[in-house]
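Asks: Based on what follows, work out the 3D shape:
(chains A and B)
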Amino acid sequence: MSVLRSWWFWTAAGLLAVVLLWRLRRGERVVAGRWSRRTARLAAVLIVAFGGGCQESEASPPPDATPSGLPQPTPSAPLTETVRTTLAPISLFDGVDARDAVRRTLSHRYGQSPWRRFVRAVVGLEATPGDHSTELKALSEPAPHALRERWVEPMSTLVRAHLTAGGSPTLSELTTALRAAERDWIRDGWLVGLVFRASSELAARPTPSTTDARALAGLYAELERHARVVHAIERTTFEAGPVRFRPWMSKAMRPGGDRVEVEVPDDFAKLLRRELKTADAGAWAREVRWLVEVAADAPEGATLHRGGQTVPLKSGDVVALRRLDLITVPEAAERPLVLDRPGLGHARLAPGATLTAWNAHRTLDERARDRIEGWVNSASKSGDQAALEHLQRELYVAHHAISAARGTATKGKPGLDMLWAMFSQ
Amino acid sequence: MGILHRVYARHAAAIWEVETRLLHRLGRVRAPVAVQWLVTAACELTCPHCYSRAGRRGADELTTAEAKARVIDELVALGCEDIVLAGGELFLRKDLPELIAYLSDRGIRWALHSHGRLVPRFRELLARHTPVMAAISVDGPEALHDGFRGRAGSFREALRAIEVLKEVGCPEVIVGTTVTRANADHVAAMLPDVLGSAADGWGLHLFAPEGRGAEHRALFPTDGQLARVAAFARRARAFTRVELDNEWGSAGADDAHYRDTPFLCGAGRITCVVGPTGEVMPCTTTDPAESAGNVREHRLSDLWRRGFEKFRQPGDASCADGRECWLQSRNGNACRHKAFGTAETRLGPIVTSPPRTPEPRRTA
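Replies: Below you'll find the model as predicted:
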């Protein structure tokens, strides 16, 4: 340890030894006195802080790396991601009281806040298929007038369009609702999932106009940013200590409504600022990744859109596609863009096409589609674990077949439900 | 405190562990953070995963006087301020109101674990002596839960209990789900009910073959199920307070994806369990060989100070490397390597040779 080579460590150790010897000579207790607990705690802090005692393990390797100690499939060359984007720091608190903003954000996440009530209502409606026209009409009614103007109306409009049979919110409605919620300091992973799900019809169009594709990429960039803030809050919570509830403590009668408030640790805002510089989008960045290689003869102008950044793609690039990514191929391209997925097949994007997580299944060749369908059938009929693992690995393109199979009550339906939740949330 | 506070917050669990061992070397033992007391073995349900083999009331359960003198007063003597009342089903103990009132008099905060059916009946008591935390068991969507618990309507009763607890002002009500092979694939389907309930959080326990659970070892989830539940939890933490509980073991530096504070197995170090008959255990096991003694024969404070020595030593084999749940470890269920990691890390990298596939469908 480098600390053992530092002069101050040995100076401190020498001083400590002198104090102990002096107390020994005077016949006093050396450590086990009334200060022993505090001394032990200080020693424990120092031991852990300098890397002794309990060893901290490394965070898990990037998802496409080979973990040690785990059984590996057939030994052959794995794909390694070569196309990476950078994480721009997020400035969230410019010109506002950071502590107040944090308190408001966390208050939305816990307890019986209007936002939580709204979430509960929508989750219930999403989970039960059927005609919800009455409930959808009444969605915004319980909210106070001020809140309706702020975020309840735009969010209700989005949900109505999303859950009405045959309906689909427009890009404008999706963006308006997301921004309205953010203006009120709502930062919630559920919101990212809702907007992502509600964008399914729009994002499933194989050849949207260039303007629409850019607008969708813009919306997904906003979602990615939102997810990064949520992830930063999670990381901060872990570091600063859990957010605690403060119950109503008065001896007088409890007033109506929810009086439970959250207690935000003192340095939460400061730590959150730091996390915002490096936090990625959490599950939206790390899970449901689909590692593909750009095949030879890639057309000019094929572009990956991720988090507001664009990266030109060329033959031999290996991309780990995420749910909030888009790939566009210009209309003027002379050839289609082909993506190889080892072990599964190919995805082919015609000139003018846009690839999203919602239409990727349509770009697969027949062999790949047959494989996925075979796994879905096997998982659906018997809950076959191996098939579920294959589907989990190919979730980026398998979700459509999984979603279709969930409509039938079979032995394997719960497993498919789990996979669908992993894709859509 | 500044830097020390920051260091402490980041490594609280590790520091706690080292501090416990250092104090032990000095001949001192810190007070337990909380003691769990299984107030009775009585329960009207016979769940196959029950860690306490609950069913009939034990013939020699602690009397009211014994409970007051040998458990509650001893907690005060130890300087322990929190007690978790569980069972069996705690509300089946007839003197429960008297004991809770006594806890309040003695300044001890209480929390509860319950299946929830009887909670509305005790509404007044709960309003007068509100628990600081309550965990209500929900083991699946309605049909699965009721089937598993062997009682129609128990799912609705659990949700009603959560409502009542929030109405009386309990600051933190948690849905507790024990993940088994039978319900692991239903966890996502539970989400609407959990979010739709008034609960503040969702604790995902992992089946441990203790008590009656030892007779149903096949309930331990498959590796694939463990991985899917962990993956689900990683996502759900972005919008609800879902945590993988201690039975899952540590995810190391990835703990932040699964829980609010780093993993720490508290068995015999920061917590212990007092059984219905007064046996003092390191955790919720019914194995008498693990008992540190009985509160009828020794003071709880003495048992705490002198017992559980093996848990307070470094390199304790029964606790693996301090990153494993002791209950799972003693049952040979090392689970974290199977459960944690992203789908890609656990399943291995994408390879250029094709994986095993079912026979492709022939299209006309």
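Asks: Where does pLDDT dip in chain B?
Replies: Segments of chain B classed as low confidence (criterion: pLDDT under 70) are B:1-13, B:314-322, B:334-338, B:341-364.
Asks: What segments of it are helices?
Replies: All helices of chain B, identified by DSSP state H, fall at B:3-10, B:12-25, B:64-66, B:73-78, B:96-105, B:123-128, B:142-149, B:154-167, B:187-196, B:223-236, B:300-306, B:326-330, B:336-339, B:343-347.
Asks: from the chain's centre, how far out does the third one sit?
Replies: Yep, that's helix B:64-66 we're talking about. The chain centre lies 26 Å from the centre of helix B:64-66; the measure is CA atoms, centre = their mean, to the nearest Å.
Asks: Contacts for that helix, please.
Replies: B:95, B:98-99, B:278, B:295-296 (CB atoms under 8 Å, 6 or more residues apart in numbering or on different chains). Using the backbone N, CA and C atoms, a C-beta is placed for each residue, glycine as well.
Asks: Please tabulate the helices of chain B in a markdown table, including the columns mean neighbour count.
Replies: A markdown table is the format used below for the helices of chain B (neighbours: other CB atoms under 10 Å in any protein chain shown):
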| stretch | mean neighbour count |
| --- | --- |
| helix B:3-10 | 16 |
| helix B:12-25 | 21 |
| helix B:64-66 | 12 |
| helix B:73-78 | 18 |
| helix B:96-105 | 17 |
| helix B:123-128 | 14 |
| helix B:142-149 | 19 |
| helix B:154-167 | 21 |
| helix B:187-196 | 21 |
| helix B:223-236 | 24 |
| helix B:300-306 | 20 |
| helix B:326-330 | 23 |
| helix B:336-339 | 20 |
| helix B:343-347 | 22 |
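Asks: List just the one of those helices that sits closest to A:L219.
Replies: Closest approach to A:L219 among the helices of chain B is made by helix B:223-236 (20.1 Å; CB to CB).
Asks: okay, stretch B:45-52 in CSV with CA atoms only?
Replies: Only the C-alpha atoms of stretch B:45-52 are listed here, as CSV (Å, rounded to 0.1, in the frame of the first residue of the first chain):
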residue,chain,number,x,y,z
LEU,B,45,-51.3,-20.2,7.3
THR,B,46,-48.9,-22.9,6.4
CYS,B,47,-46.7,-21.4,3.7
PRO,B,48,-44.1,-23.8,2.4
HIS,B,49,-41.3,-21.2,2.5
CYS,B,50,-41.9,-20.3,6.2
TYR,B,51,-38.5,-19.8,7.9
SER,B,52,-40.0,-20.4,11.4
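Asks: Report the contact partners of A:A98.
Replies: Applying CB under 8 Å, 6+ apart, we find A:A98 in contact with A:92, A:269-270, A:272-273.
Asks: Try it again at 7 Å.
Replies: A:A269 (CB atoms under 7 Å, 6 or more residues apart in numbering or on different chains).
Asks: For the stretch 301-425 of chain A, what lies in contact range of chain B?
Replies: By CB under 7 Å from any CB of the partner chain, the residues of the stretch 301-425 of chain A that approach chain B are A:342-343, A:370-371, A:373-375, A:378, A:385, A:387-390, A:392-393, A:414-415, A:417-418, A:421-422, A:425.
Asks: Now chain B against chain A: closest residue?
Replies: The nearest approach of chain B to chain A comes at B:A238, 2.3 Å away (CB to the nearest CB).
Asks: Alongside chain A, which residues does the stretch 51-200 of chain B contribute?
Replies: Counting by CB under 7 Å from any CB, the stretch 51-200 of chain B sits next to chain A at B:169, B:171-172, B:185-189, B:191-192, B:195-196, B:200.
Asks: Once you drop chain neighbours, what's closest to A:S200?
Replies: Nearest in space to A:S200, with sequence neighbours left out and distances taken as CB to CB, 6 or more residues apart in numbering or on different chains, is A:W358 at 4.9 Å.
Asks: Just the local confidence number for that neighbour, please.
Replies: Looking at A:W358, its pLDDT reads 96.
Asks: what would the helices of chain B look like in CSV with distance to A:R109?
Replies: Putting the helices of chain B into CSV (distance: least, CB to CB, whole Å) gives the following:
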stretch, distance to A:R109
helix B:3-10, 20
helix B:12-25, 22
helix B:64-66, 42
helix B:73-78, 34
helix B:96-105, 31
helix B:123-128, 26
helix B:142-149, 27
helix B:154-167, 16
helix B:187-196, 12
helix B:223-236, 13
helix B:300-306, 37
helix B:326-330, 31
helix B:336-339, 26
helix B:343-347, 26
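Asks: so which of the ones you listed comes closest to A:V195?
Replies: Of all the helices of chain B, helix B:223-236 sits nearest to A:V195, with 15.1 Å by CB to CB.
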